[in-house]
Structures are given as C-alpha cells and as structure tokens.
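Asker: kindly return the folded structure for what I paste below:
(2 chains)
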2 protein chains.
Amino acid sequence: MNFEIEKIDNKSSARAATITTDHGKIQTPIFMPVGTAASVKAVHQTELKNDINAEIILGNTYHLYLRPKTDILEKVGGIHKFINWDRPILTDSGGYQVYSLSANRKIKEEGVKFRSHIDGSTHFFSPEFSMDIQRSIGADIIMAFDECTPYPCDYTYAKNSMMMTHRWLDRCLLHLKEKPEKYNYKQSFFPIVQGSTYKDLRKQSAEYIANVGAEGNAIGGLSVGEPAEEMYEMTELVCNILPKEKPRYLMGVGTPINILENIALGVDMFDCVMPTRNARNGMLFTAHGSINIKNKKWEDDFSPIDEMNITFVDTYYSKAYLRHLFAAKEYLGKQIATIHNLGFYLWLVREARKHILAGDFIEWKNIMVEQMDKRL
Amino acid sequence: MNFEIEKIDNKSSARAATITTDHGKIQTPIFMPVGTAASVKAVHQTELKNDINAEIILGNTYHLYLRPKTDILEKVGGIHKFINWDRPILTDSGGYQVYSLSANRKIKEEGVKFRSHIDGSTHFFSPEFSMDIQRSIGADIIMAFDECTPYPCDYTYAKNSMMMTHRWLDRCLLHLKEKPEKYNYKQSFFPIVQGSTYKDLRKQSAEYIANVGAEGNAIGGLSVGEPAEEMYEMTELVCNILPKEKPRYLMGVGTPINILENIALGVDMFDCVMPTRNARNGMLFTAHGSINIKNKKWEDDFSPIDEMNITFVDTYYSKAYLRHLFAAKEYLGKQIATIHNLGFYLWLVREARKHILAGDFIEWKNIMVEQMDKRL
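Answerer: This is a model prediction of the structure:
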C-alpha cells in the first residue's frame, strides 16, 4: 500500500492524498459505504461503481464469519470475487459487533466468547483468530482486534481496556508476521487508537499506535454517544500524534458535518452506517439540510428529490413519489434513498478534496456546515 | 390505439403483432410486469427499461386509489408522470383486489362495498367509479369492472355473476361515453370475458364481449386454481370467438409454460405477479427449469446465476452469492432475483415472437415447455 499526500491545507490539518492498493487507488478524504454482510444494503455493486462512485467499501468480519462463513470465502478466493467488486475493501476486526450485537459476550485477556445473534451458537474471537478470519475474507485493509469502550466509560475501565487493546495489537502483529496473505495481493494492517474521552489515555494510545509503524492508523471508540465537541477534541489530539505520512481512519463517523469537521482535523478515511441506515428510514441528506421524506408536506411536492442531481435518482424521481414509496413500504423507496445518500456522501468528500487542492477548504467547509445543519 | 398483426402461425393460433398507443409501441406477444402500488417491486424504472426491456407495465387500481390516491395522481398529471415512465401502462379495474385483499366486501348490483386492507376505512366501487379512478390514474389501457369468480364456482353463481359482469360492462361503456380522458392522450378500454370453467358460459360471455367492439379484449377468471388443462380449454374456446383483429389479454397468467401454451392458443398479452413475487422468495425461472436459490446445494456454486446472461445480474453475480444474500435476508437478493425473473419473462415472449415470425413457433414451444418443466 502506498500513501501519497498531494496537498496539506494551510489553514487546517486537512489533506488531499492518494492511497494505492492492489485493487486500485483511493483518493482521500474518502467515505467508505458499509457492506455489512457482503452487500451494501439495497444497492447493486454496479450502482456503487457507476452511480455512487464508491472507491472502497467496508465489510464486517463478525457478519461475514457467521455468514457466508470463511470456508465459502476461501473457496471462491476471497470477498472481492464473492461479491464481484474489484476495487478496495476494508474489514473491521469483528470486535465492535461482538460487543454490540451478540449475546452473553465475555471479554477476557485471551479474547471474547460470545453467542451468535443469528442462532445462539457459541464462538470465540481472539486477536489471532480475528486476523485469520480477515485473512480468509481477503480485504485490502484489515483492522486490529480491539475493545471499543462505550460512552460514558469510567477512567479505570477505559485505561485497562486500552492497555488490553495494546497487548492485543502486539498479538495481532506477531500473528500476521507468521502468517502470509492467502491470496495474491497485499493486505495492509491498521492498528486502532482507543482511550475513551480521556486526553491522557488518548495521548498514550496514539503514541503506542504511532510507534508500531503500521501502513495506516485508525481512531476507534468515538461516535459512540459523546458530544461532537468531545469527539473533535479527541480527533485533534490523536491526529497530532499519529504520523502525518500515513492515512488516518476515523471509525464509525458520522454525519456530513462530523465528516467535514474531522477532515479539517486531519482525518483521511471514514465509514458509517448513517447514510444507508437513515436512507432506509426515509431520512435524506442534502447539501442544504436533511429531509424526512415520510413527512406529509412532501405528498404533492413533485419537484426532484435533489436539484443537485448527484445521482440519477435525484432528478429521475420526485419527492412526492419517494414519499409514496415509503408510505406504501415499497422496496424501491429504500433503494432510491440509499443511492441518494451514498451519492451525496461521496460527493461531499470529493468536494472537500477539490477545495483542499484549491486552497479554500475552510471557507467552503464553514459554509457547508451551516447549510447542512437544517431540516428541510 | 392501433393493432397490426404481422404474422399468424400456420400450425397454431399464435400471432405476432404490434400495438401502438400514445405512449409508444408494444410488440406482442408481451408480458407486463406488475407494478401494484406505482412500483414494480424492488426494481428501478431505469432497470425495467434498460435491463428488463419491459414495453408496458401494469398498475393496480385498488392500490393506487388507496395510495397515493387519485387527487395526487391528478395533480401531477397521471401515473406516467408520477412514476416517470413514458411507455404504456395498463390498470386493472380494482375488482380483483377488492375481492382478494379487502375485508367485509359486499357485492351488490350497484357495486362493491369494502374495507381497506390498510386502515379498515370503508369504500365503495361501482363500474362508474372504477372508470373514474382509472381516468384519474391515466393508464393507456383501462379494464372493465367485473367480478372475478373463484375456483371452483357453482354453475348458478358463475352464471349470475357473468350476467352481472355484462351489465356492469354496459355501465362502464355508458359512463366512458360521457366522460372524456383527463389527460392529453387516449385511454383504450378492454372488456373482460368471465364464465368460470363452464364452456357454455364462456361461449356466451365471449360472444357478448366480442359484440361490444372494444379496442382489445380480456379473459378473466382463469389461473385462479383450476388445472392448467382446463385453463387452456377455456382460452381456446374464448380466443376462437373474440375478434382476430383485436389484441387478446389473458389476465393473471402465469408460469412460463402457461404463457407459451396460451400464446399458441391466440393470446397476445399477459400479466402475473409470479416472476416478481417468486423472485422475492428466492425462486428463479430459467430456460432450463426453475431454481430455489435458497437450497444449500448452491452454497458453494460460484457459477453465474444464469449462463444465458439475459440481464446483467445473470453473470455479474454467482449462485452462491445470491444464495448468501437470501440467507442473510439482504435486500439485494430480492433485487437481483426480480431483475433476473422479469428479464427472463420478457426474453421468453420476445423469443416466442421471433419464432412466430420465423414460422417454427410450435417446434420451439414444445422444446421449451419440456425444458422449463424441471427443478434444477
């Protein structure tokens, strides 16, 4: 993996760069649509490519391990072939879903025992096993097995958890050193900074992670319920410690505004279920604010979904029609809203990149943040 | 509306023809995807046009009347504009859904009183009101308000119902004579032959309907549970009476085999929820038989969904991937299966047309019927 910075903003820490993987280039800042169970919900891979212009998508190790299972993914030669997607893919470590979705989870030094949310079967994830699953899945970027602490989290728990995350990181690294990739392309490993919302812990964790010398670094444990200001404070602190010459990935973030603010702080990569999940609930993001398309006010509004026409759905279908599809619980409603929201998120990061390169990122960002903070 | 026959088969009653409406041409035999509530479930209008090659789609008056309601459709200027579909559309009369979906329905000479399946509200459909709703919806082809008898149906009920359907037809015609179209294009009216599975009633009804001199004629009350042989017997009898120079529409039919057999008997137009509904349940139709994609046998079958590659999904995605999507209850599974099935149905009628024009329809049909009658 190669990371080449094209420009660093004068008035902020925003950067425009290019990541090169064996499955192609990613121009940053980038947003990665979440394809939990080997599918970005309700959209075709062809739409992700041609309409949304996704440059990299994310898969969830926990889900892929349970279904379709690693033996199927190994048989076909990895996730890219399974889903027919030739651009980069990133997988998380499975930890987050184990904590949030599974039942009866028990976290110990050795790893995490849990029950599947699908059939109640018992499973055990260790740092080593998470690496093995991710090697079988075959994403271009794989993540360290960590504990993502909840918010709020008391100091002692946050500190002990962070220390364990660091020990787990060492085990991941040691394991990967001994185990080569399973397919004929490189998998890059990103460690994860933890430390909840405690500055000293975040500093300590960022230093530990920076010291590892990985190809890219991630910030975890944010966007879990803390106020946005606290998130930005942590991101800023951590970005100032993580190496400049490596991509920085802020996990699970966030709203369009969160994304722009964190780009200003030096983050290059984002993922979040918000554009897809909210789409399925009828909530649309636009450059001029958010829309609850289920509202009666759109019933006879035959104007395009979004005049900006970022994706074909925006002017092909009207607000009134989309509202009707949600009222009638038609699948097409979710499909249209998902394409719209993902198209908008990808447009937003492309625009951010343009403005970083043009040198007016902060001015543009400030206008956009104000503009997007509305309900239409 | 214009109907031009290009060829009548030498060895059967199959015909290749072209229907011309104000929204363009339809080459027959044709299958019409069902877009119940202003959406062919789980597919984009763009996919219907570009991938599936649908030439005409169907809407359900009952559903459109309840949602989005006729005032919305009138405001926007009709269903074509509402859904952004510039090709022909056909609406049924609402009768069938009133009988099958609504609660507490009471059929009287004047019309049918029923409760909405959505909110329990009370409504009343008469022949005149069905015409008015269909005028507001604005389909290119609108259907007579009839009673569709169930199977089996005792002779007296079938006869009385048929007589009422004929009286209702007269009321539809009278009403339409007085009421012009609401939009700037022609709506063609099709009456419906009833008579259950009784030859004498079918004969009587076909003669009554033929005598009306409508622009096209429909056969209703079949594919409601009767054996296929009985359906074919009725279709044959009715097609021999209905005028040759007008299109014949067999309502609610059917399997790929049913469609080919009825084309041979002289039917030009078909609609059915089978390709879309079965798709959403994981059942795929192919030229070599049907596939239950949920079966474990496809788990590690990485071959294309359908080597014939009629639509892009057929070779873009594998059987194993599609099976996984159904196992994981991913929307994309329903989307892929729907495009596949509709693409196949449209391919089948296009092929039928080609073979009618080439003069070898019956030979081809017999091979196809045998081939498709398998479970893969």
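Asker: close to chain B: what parts of the stretch 51-200 of chain A are there?
Answerer: Proximity of the stretch 51-200 of chain A to chain B is confined to A:63, A:67-68, A:72, A:75-76, A:81-84 under the rule Cβ under 8 Å from any Cβ of the partner chain. (Glycine included, C-beta is placed from N, CA and C.)
Asker: spit out the contact partners of A:Ile263.
Answerer: A:14, A:29, A:349, A:352, A:356, A:361, A:365 (Cβ atoms under 8 Å, 6 or more residues apart in numbering or on different chains).
Asker: for B:Ser205, state which of the residues you listed is nearest.
Answerer: A:Val349 (63.7 Å; Cβ to Cβ).
Asker: relative orientation of the helix or strand hosting the closest one and helix B:331-358 in degrees?
Answerer: In this assignment (DSSP states H and E), A:Val349 forms part of helix A:331-358. Angle of helix A:331-358 versus helix B:331-358, following axes from the mean of the first three to the mean of the last three Cα atoms, to 10 degrees, is 110 degrees.
Asker: quick one: mean pLDDT for helix A:331-358?
Answerer: Across helix A:331-358, pLDDT averages out at 98.
Asker: buried residues in that helix, which are they?
Answerer: Buried residues in helix A:331-358, counted by 16 or more other Cβ atoms under 10 Å in any protein chain shown: A:331-353, A:355-356.
Asker: contact partners for the most centrally placed residue in chain A?
Answerer: Geometric centre of chain A, nearest residue: A:Asp271, 1.6 Å, by Cα atoms, centre = their mean. By Cβ under 8 Å, 6+ apart, the contact set of A:Asp271 is A:31-34, A:58, A:90, A:249, A:251-253.
Asker: that one pairs with what?
Answerer: Residues in a beta bridge with A:Asp271, per DSSP bridges, are A:Met32.
Asker: what's next to the host helix or strand of A:Thr18, contact-wise?
Answerer: Following DSSP H and E, one finds A:Thr18 within strand A:15-21. The contact list for strand A:15-21, computed with Cβ under 8 Å, 6+ apart, reads A:1-9, A:25-30, A:88, A:140-141, A:185-186, A:188, A:216, A:247, A:266, A:268, A:353, A:356-357.
Asker: mean confidence score for that strand?
Answerer: 98.
Asker: after that strand, next one along is what?
Answerer: Next along from strand A:15-21, by DSSP H and E: strand A:24-28.
Asker: phi, psi for the closest residue to chain B within the stretch 101-250 of chain A please.
Answerer: In the stretch 101-250 of chain A, the residue found nearest to chain B is A:Ile118; the distance is 9.0 Å by Cβ to the nearest Cβ. Dihedral angles of A:Ile118 (phi, psi; degrees, to the nearest 10) stand at phi -90, psi -50.
Asker: quick one: pLDDT of the closest residue to it other than its chain neighbours?
Answerer: Here the nearest residue to A:Ile118 in space, its sequence neighbours aside, is A:Leu66; by Cβ to Cβ, 6 or more residues apart in numbering or on different chains that works out to 5.8 Å. We have a pLDDT of 97 for A:Leu66.
Asker: one step back: could you tell me which of the contacts of strand A:15-21 belong to strands?
Answerer: Counting by DSSP state E, the contacts of strand A:15-21 place A:2-8, A:25-28, A:30, A:141, A:188 in strands.
Asker: list only those of those residues flagged as buried.
Answerer: Buried among the ones in strands among the contacts of strand A:15-21 by 16+ other Cβ under 10 Å: A:3, A:26, A:28, A:30, A:141, A:188.
Asker: list the contacts of the fifth one.
Answerer: If I follow you right, that is A:Ile141. With Cβ under 8 Å, 6+ apart, A:Ile141 has these contacts: A:1, A:21, A:56, A:88-91, A:187-190, A:216.
Asker: and what of A:Thr315?
Answerer: Contacts of A:Thr315 by Cβ under 8 Å, 6+ apart are A:304-307, A:309.
Asker: switch to 10 Å and redo it
Answerer: Residues near A:Thr315 by Cβ atoms under 10 Å, 6 or more residues apart in numbering or on different chains: A:303-309, B:84.
Asker: got it, and A:Asp314?
Answerer: A:284, A:286, A:304-308, A:336, A:339-340, A:343-344.
Asker: can you rerun that using 6 Å?
Answerer: A:304-306 (Cβ atoms under 6 Å, 6 or more residues apart in numbering or on different chains).
Asker: just these now: which is nearest B:Asn278?
Answerer: A:Ile305 (30.8 Å).
Asker: and for A:Asp119, the neighbour number?
Answerer: 7 (other Cβ atoms under 10 Å in any protein chain shown).
Asker: can you tell me how far it sits from A:Ser102?
Answerer: 11 Å (Cβ to Cβ, to the nearest Å).
Asker: hang on, the earlier thing: are any of the residues of the stretch 51-200 of chain A next to chain B buried, and which?
Answerer: By 16+ other Cβ under 10 Å, these give A:63, A:67-68, A:72, A:75-76, A:81-83 as buried.
Asker: ok, these vs A:Asn160, which is closest?
Answerer: A:His63 (28.1 Å).
Asker: how about the contacts of A:Thr315, which pair is most distant?
Answerer: A:Met308 and B:Asn84 (17.7 Å).
Asker: can you pull the contacts of A:Gln194?
Answerer: A:146, A:162, A:165, A:205, A:220-221.
Asker: same thing but at 7 Å, please
Answerer: Residues near A:Gln194 by Cβ atoms under 7 Å, 6 or more residues apart in numbering or on different chains: A:146, A:149, A:161-162, A:165, A:205, A:220-221.
Asker: before we move on, the earlier item: within reach of chain B, which of the contacts of A:Ile263 are there?
Answerer: Counting by Cβ under 7 Å from any Cβ of the partner chain, the subset of the contacts of A:Ile263 that neighbours chain B is empty.
Asker: where's the residue nearest to A:Lys179 when sequence neighbours are not counted relative to A:Ser196, distance?
Answerer: Of all residues beyond its chain neighbours, the one nearest A:Lys179 is A:Arg135 (6.4 Å), with distances taken as Cβ to Cβ, 6+ apart. Distance, A:Arg135 to A:Ser196, by Cβ to Cβ: 30 Å.
Asker: which of those two has more neighbours?
Answerer: Ranked by neighbour count (other Cβ under 10 Å), A:Arg135 and A:Ser196 place A:Ser196 first, with 26 against 21.
Asker: can I assume the more buried one sits in a strand?
Answerer: No: the assignment for A:Ser196, made by DSSP: H, G, I helix; E, B strand; the rest coil, is coil rather than a strand.
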